[in-house]
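S.K.: Need a 3D model of the following:
(one chain, ligands or ions: 3)
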Amino acid sequence: MKCRKCGDVAVLELRRHNAAFCAPDFLEFFRNQVREAVRKHRMFGRDERVLVAVSGGKDSLALWDVLLGEGYQTTGLYLDLGIFDYSVESRAKCEAFAAARGAPLLVVPVAEAVGAPVPVIQAVTRRPPCSGCGLSKRYLMNRAALEHGMPVVATGHNLDDEAATLFGSVMHWQTDALPRQSPALPSTHPKLVRRVKPLYRLSERETAAYAFLRGIDYIVEECPFAEGATSIAHKEILNRMEDASPGAKHNFLFGFLDKARAAFERAEAVALNECARCGQVTTGTVCAFCKLADQVKRAT
Ligand code: AMP
Ligand code: FES
Ligand code: ZN
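M.R.: Ligands and ions are numbered 1, 2, ... in the order given. Next up is the predicted model:
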C-alpha cells in the first residue's frame, strides 16, 4: 500500500476515499478536512475566541490540537460530571494536554452548577443518565461561553456520531430534531452562542489515528453509563453497512445535509424567551436546567 500523495509506504487506508496515506500526509489530509469544515460553514474566524469543549477523549483533544496548530484563539472547557474514576481520569487528560501546550482550560464541576453529580441526577430524575447529563452539558457550555465573552462553542462530534444521531432521529421520525442536526448552528438569540462541529467530515477511526500519530494521551474508556445506549447500537449497524459499502455513513449524513435537512426546517421560528430564574434562553418561562436543579435540590 502506497501513499496517494507521495508514494511512500502508507500507514492508513481510507476505503471510503479510495486512498491510503503515509503519516505526514494523513495528518495533512485530516487538517484539510477541518479547514474545509470551518471554511464551508463559516464556523469561526481568526479574530474570535473559540471555546473548545473537551471530554478527555480522542475526538475533542484531536480537535483542540488541530485548532491550536492552525493558530486559532482557543480556550478549553472541561465539564466535570462527577462520574467516579471516569471523570477523575478524563479531567487529568484534559489538564495535562492544556498544560503541555500552555493553553487555557476552564473546569466547571456539574455538581456545583446543578447541586449534584450526574449519578445522583440520574437517581433523582429516574431518567437515563445521559438525559440530565446532556441537558447540563449543553447549558453549561453555552453559559461558560457567555460568561467569558466567547461567541462560539466547538465540540468534537465526528462523522460516526453525527450519522448515528441522524439514524436515531430518522428511526423515530423526530422531525423537530432533524433541522437542528447541523455542523454549525447559528446564534438565534443574544444569549445563545454558535455551536460548531469541525470534525463532522472525519470518522472515529480517523480521529483515533490522528490522536495516535500526534501522541495525544486520551482516555480510552467510554463513560460507564454509555453501555447499552441506543447510540452505540446505531453505530454498530452503520459500521456494518460501512464494511459492506465504504462511504455509506458519509453518504447518509452528507446526503441529508445537502438534500433533505432544509425540508424539515420549520416555517415559523420558535419564540425564545429568557428564563425567569437564570436568564438563559428557553421556549418556556423557566428553563429545563433550572427545573432540573430544583428537582435535585428537593431530593437531596
Ligand atoms: P459525547 O456526547 O460524549 O460523544 O461528546 C461529544 C462532544 O461533547 C465531545 O467531543 C466534546 O466536545 C463534548 N463533551 C463531552 N463530554 C464533555 C465534558 N465532560 N466536558 C466538556 N465537553 C464535553
Ligand atoms: Fe453523560 Fe455518560 S457522559 S452520562
Ligand atoms: Zn434557567
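
S.K.: OK, contacts around the closest residue to ligand 2 within the stretch 201-300 of the chain?
M.R.: Among the residues of the stretch 201-300 of the chain, residue 223 lies closest to ligand 2, at 3.1 Å counting by C-beta to the nearest ligand atom. C-beta here means a position set from N, CA and C on the backbone, and glycine is covered the same way. For residue 223, the contact set (C-beta atoms under 8 Å, 6 or more residues apart in numbering) comprises 81, 83, 86.

S.K.: Also residue 286?
M.R.: By C-beta under 8 Å, 6+ apart, the residues touching residue 286 are 275-277.

S.K.: just the buried members of those residues?
M.R.: Neighbour-count burial (16 or more other C-beta atoms under 10 Å) is assigned, among the contacts of residue 286, to residue 275.

S.K.: out of the contacts of residue 286, which one sits closest to ligand 3?
M.R.: Nearest to ligand 3 out of those is residue 275 (C-beta to the ion; 3.2 Å).

S.K.: And the closest one, its phi and psi?
M.R.: The phi/psi pair for residue 275 (degrees, to the nearest 10) reads phi -60, psi 130.

S.K.: That one and residue 192: what is the separation?
M.R.: Note on residue 275: its distance to residue 192, by C-beta to C-beta, to the nearest Å, is 12 Å.

S.K.: what sits in contact with each of the two?
M.R.: Counting by C-beta under 8 Å, 6+ apart, the common neighbours of residue 275 and residue 192 are residue 281.

S.K.: which bits of the protein sit near ligand 3?
M.R.: With the criterion set to C-beta under 5 Å from the ion, the chain comes near ligand 3 through 275, 277-278, 287, 290.

S.K.: Point out the ones among those residues that are inside helices.
M.R.: Of those, the ones assigned to helices by DSSP state H are residue 290.

S.K.: quick one: which two of the residues of the chain next to ligand 3 are the most distant?
M.R.: By the measure C-beta to C-beta, 277 and 287 form the most distant pair in the residues of the chain next to ligand 3, at 7.3 Å.

S.K.: which parts of this protein sit against ligand 1?
M.R.: Within the chain, the residues that sit near ligand 1 (C-beta under 6 Å from any ligand atom) are 53-55, 59-60, 77-79, 81, 137, 155-157, 161.

S.K.: Nearest to ligand 1: which residue in this protein?
M.R.: For the chain, C-beta to the nearest ligand atom, closest residue to ligand 1: residue 156, 2.6 Å.

S.K.: Give the burial count for that residue, as a bare number.
M.R.: Neighbour count of residue 156, defined by other C-beta atoms under 10 Å: 22.

S.K.: and stretch 152-163, how far apart are its ends?
M.R.: 23 Å (C-alpha to C-alpha, to the nearest Å).

S.K.: in stretch 246-259, what counts as buried?
M.R.: Going by neighbour count (16+ other C-beta under 10 Å), the buried part of stretch 246-259 is 248-250, 252-254, 256-257.

S.K.: quick one, phi/psi of residue 4?
M.R.: Phi and psi for residue 4, reported as degrees, to the nearest 10, are phi -60, psi -30.
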